[in-house]
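Asker: Give me coordinates for this.
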Amino acid sequence: MKCPNCDYSNPQGTKLCLTCGQELLNGNTPEQDPNSLFYEFAQIVDEIPSDFRSVKPKFRNIFSRVFRKHSEVEAERLFIVGTSLTTPAIDEVEGTWPKPWLFARIFLIALFAYLGLYMGVNFFGNINFIPGLIIVGSFGVPITTLVFFWEMNAPQNIAIYKIVYVVLVGGILALLVALVFYDLLRNNINPITIGIVEELAKVVVVIFFVRDLKYKYILNGLLLGAAVGAGFGAFETAGYALRSLLSGSFPMLYNTILWRSIFSPGGHVAWAALTGAAMCRVQGDSKFQLNMLMKPKFMFIFILVVAMHALWDSPMPGIYPFGQITLTVISWIFVFWMIRIGLNEINEKKRSLAFTYYK
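Answerer: Predicted coordinates for the structure are as follows:
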């Protein structure tokens, strides 16, 4: 079935164009189907110059494809992006808000696996299921959140194998760097120093991955930061879960996994994503220099993230879990704000290329 938007020939039965993501309906997109309610609206939108089209987040649009049926071909198409053969040129990248959906499927798969492992331990008393329970419970939600960031990476220039590499290697490196900082601090440990140490450790690792300018877009920094944060948070959760188990309390083990999973999207993953995006924002097309860390656009995000981390770990009575819920909402407000800045960056580069071409 040929897509009327980009002329790509899709396999029969595909509901969304595998190249541009346009919805297909009996050979026509909803906007081109005379019987569609979107027809007249789309005609008007097409007349609006692209410079004036909004890329502001509309949540019902961003998540509009989550509950639709998708084929395996569509999932396979997502997993092959980011290679030298499948990365689109910047002028081919859509500068509008992506509509992710795969992350929801990943969550359901992880949930099914966790429930199966839970049954093996709790109902059948088989302790061989415990390592799997801890691993899936610790990684399930962080990886789900990471896949969301991966789908939001409009340039589609980072392959899935690279993401797996950053999660494992980046997560471990960030933990080791944090341990070095903790050793330097010795007994000076409090919520503020914890926030500084752990967020700075993740920034150091993100810089390692973006320093060569291969991944220079703000959305790239958002994704790579989220990957480092996902690895950091998941390994940390696995450690706390093991401690709970060694204390001899299975309910504490389940509670540790449950609550840390619920709040993981608003914790390490979102915080590292924000600092990663801020790092790429100040770096731009230049190679990394140490003075970039002192630029206001980076310092504002870093101080914000450290403050949220410190408040998260604060022992103030009554802050849990309402404080964590509030901080999660604040984190994601800034995440969507940074996504918008990243999309605007893509549009600016496309306009710059077009101007150079016509000049």
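Asker: Helix or strand: which one has the residue most central in space within the chain?
Answerer: Most central in the chain under C-alpha atoms, centre = their mean is residue 149, positioned 2.4 Å from the mean C-alpha point. When secondary structure is defined using DSSP states H and E, the element that contains residue 149 is helix 130-152.
Asker: Mind listing what's buried along that helix?
Answerer: In terms of neighbour count (16 or more other C-beta atoms under 10 Å), helix 130-152 has its buried residues at 130, 132-152. Using the backbone N, CA and C atoms, a C-beta is placed for each residue, glycine as well.
Asker: So the residue nearest to the centre of the chain versus residue 114, what's the distance?
Answerer: Here residue 149 is placed at a distance of 21 Å from residue 114 (C-beta to C-beta, to the nearest Å).
Asker: mind giving me the domain ranges of the chain?
Answerer: If the domains of the chain are taken from automatic domain parsing, they occupy 1-56, 102-358, with pieces of a single domain joined by a plus sign.
Asker: looking at these, which is buried most?
Answerer: With neighbours defined by mean count of other C-beta atoms under 10 Å, none of those is more surrounded on average than domain 102-358, at a mean of 19.
Asker: mean confidence for that domain?
Answerer: On average, the pLDDT along domain 102-358 is 92.
Asker: now stretch 77-97
Answerer: For stretch 77-97, mean pLDDT is 85.
Asker: what about it, start to end distance?
Answerer: Distances were taken as C-alpha to C-alpha, to the nearest Å; on that basis the terminal residues of stretch 77-97 are 18 Å apart.
Asker: Name the residues of it that are buried.
Answerer: Taking 16+ other C-beta under 10 Å as the neighbour-count basis, stretch 77-97 is seen to contain the buried residues 77, 78, 81, 82, 87, 90, 93, 94, 95, 96, 97.
Asker: what's the offset of it from the middle of its chain?
Answerer: Using C-alpha atoms, centre = their mean, to the nearest Å, the distance from the centre of stretch 77-97 to the centre of the chain it belongs to is 17 Å.
Asker: again, but for stretch 101-118
Answerer: Using C-alpha atoms, centre = their mean, the mean C-alpha position of stretch 101-118 is found 17 Å from that of the whole chain.
Asker: Which residues does that stretch contact?
Answerer: The contact list for stretch 101-118, computed with C-beta atoms under 8 Å, 6 or more residues apart in numbering, reads 65-66, 68, 70, 75, 78, 129, 132-133, 136-137, 139-141, 143-145, 147-148, 151, 254.
Asker: Send me it as CSV with only the CA atoms.
Answerer: The C-alpha coordinates for stretch 101-118 follow below in CSV (Å, rounded to 0.1, in the frame of the first residue of the first chain):
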residue,chain,number,x,y,z
TRP,A,101,3.4,3.5,21.3
LEU,A,102,6.0,0.7,21.6
PHE,A,103,6.9,1.6,25.2
ALA,A,104,3.4,0.6,26.3
ARG,A,105,3.9,-2.9,24.8
ILE,A,106,7.3,-3.2,26.4
PHE,A,107,5.7,-2.4,29.8
LEU,A,108,3.0,-5.1,29.3
ILE,A,109,5.7,-7.7,28.4
ALA,A,110,7.7,-6.8,31.5
LEU,A,111,4.6,-6.8,33.7
PHE,A,112,3.6,-10.3,32.4
ALA,A,113,7.2,-11.6,33.0
TYR,A,114,7.2,-10.1,36.5
LEU,A,115,3.9,-11.6,37.5
GLY,A,116,5.0,-15.0,36.2
LEU,A,117,8.2,-14.8,38.3
TYR,A,118,6.1,-13.6,41.3
